[in-house]
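Asker: no FASTA, just this:
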DNA sequence: TACAAGTATAGACTATACTCTAATGTTGTA
DNA sequence: TACAACATTAGAGTATAGTCTATACTTGTA
């Protein structure tokens, strides 16, 4: 598929998709048999990748972290050990974030309690 | 205390503290009895606020969200209902983030399992 | 008193992650 | 065939959150 279809399927603008391509997160292929243009063609794996990018971004991963994560999953040039190491690192950072969020939740709940008790 | 002491206590640079002041997150007081300078003076509440800013930032809150949160806690110009509304909103967004993080954790765990099973 | 250290303000610079514009060329349909 | 819609690249612009520099004045200590 071409960029516009990819954009429609994922809900990510063509501009942003090109930005991700330049950032090395996804890679379109050019059809060598067609000489009249140099349009990029994308496959279903790219759709998957863009969905992963969106999910990972929503939990606070940066572009470069997402790059590492996708390399660990899609790139066959790195070893199993290296892949597992990257994935473990991400799992640890997620656990830390969950822990911090729970602390923040506790703090805000206490704020709320204090606000209600002091003023009613 | 002056900005340098505040910086030492909190571990936040004077530059960043001034940035937070310009952003409206904290507010120093000027000593009207001193005419020779216009140094800002900070109290313990500012130390508390800077610690809250650091914690809230670490879980992904933006400066403006932190501003709302601190208004709900420190500002007596808004009603109890408004404060509770802001705090509830933050609690909901934290729960959403935790939910998303748990999903991401599940996905990465599955990646890891697949990587190990397919390659060993 | 000299001078190092501290303070304030304005504004320039950086990094991340887009977002948009301009210029130019290609494709598909009335 | 005209022309709207789509594609590419380069590069400019935006927002967020700092980070740093320059300039100028003040304070504390040898």
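Answerer: In hand now; what should we look at? The model shown is predicted, which means the values in this text are computed figures rather than measured ones. Numbering: from 1, shown residues only, chains lettered A, B, ... in the order given.
Asker: isn't residue A:88 right up against residue B:111?
Answerer: No. Assessed by Cβ atoms under 8 Å, residue A:88 is found out of contact with residue B:111, at 10.8 Å. The way it works is simple: take the backbone N, C-alpha and C, and place the C-beta from them, glycine included.
Asker: The two: who's more crowded?
Answerer: Using other Cβ atoms under 10 Å in any protein chain shown, the more surrounded residue of residue A:88 and residue B:111 is residue B:111, with 21 against 13.
Asker: Helices of chain A, start to end?
Answerer: Taking DSSP state H as the test, the helices found in chain A are A:3-10, A:14-22, A:44-58, A:63-74, A:80-119.
Asker: Residue A:30 and residue A:2 touch, don't they?
Answerer: No. Proximity of residue A:30 to residue A:2 does not meet the contact threshold set by Cβ under 8 Å, at 11.4 Å.
Asker: Give the residues shared as contacts by these two.
Answerer: A:39-41 (Cβ atoms under 8 Å, 6 or more residues apart in numbering or on different chains).
Asker: Quickly name whichever of the residues you listed is closest to DNA strand C.
Answerer: Comparing the shared contacts of residue A:30 and residue A:2 against DNA strand C with Cβ to the nearest atom of the strand places residue A:39 closest, at 7.1 Å.
Asker: how about the nearest residue to the closest one, chain neighbours excluded?
Answerer: Leaving aside its sequence neighbours, residue A:39 sits nearest to residue A:2 (Cβ to Cβ, 6 or more residues apart in numbering or on different chains; 5.8 Å).
Asker: and the gap between the residue positioned nearest the centre of chain A and DNA strand D?
Answerer: The centroid of chain A falls nearest to residue A:53 when counting by Cα atoms, centre = their mean (2.2 Å). To DNA strand D, residue A:53 is 18 Å away according to Cβ to the nearest atom of the strand, to the nearest Å.
Asker: List the contacts of the nearest residue to that residue once chain neighbours are set aside.
Answerer: Nearest non-adjacent residue to residue A:53, counting by Cβ to Cβ, 6+ apart: residue A:66, 5.6 Å away. Residues near residue A:66 by Cβ under 8 Å, 6+ apart: A:25, A:52-53, A:56-57.
Asker: Please indicate which of the residues you listed are buried?
Answerer: For the contacts of residue A:66, a neighbour count by 16 or more other Cβ atoms under 10 Å in any protein chain shown gives the buried set as A:25, A:52-53, A:56.
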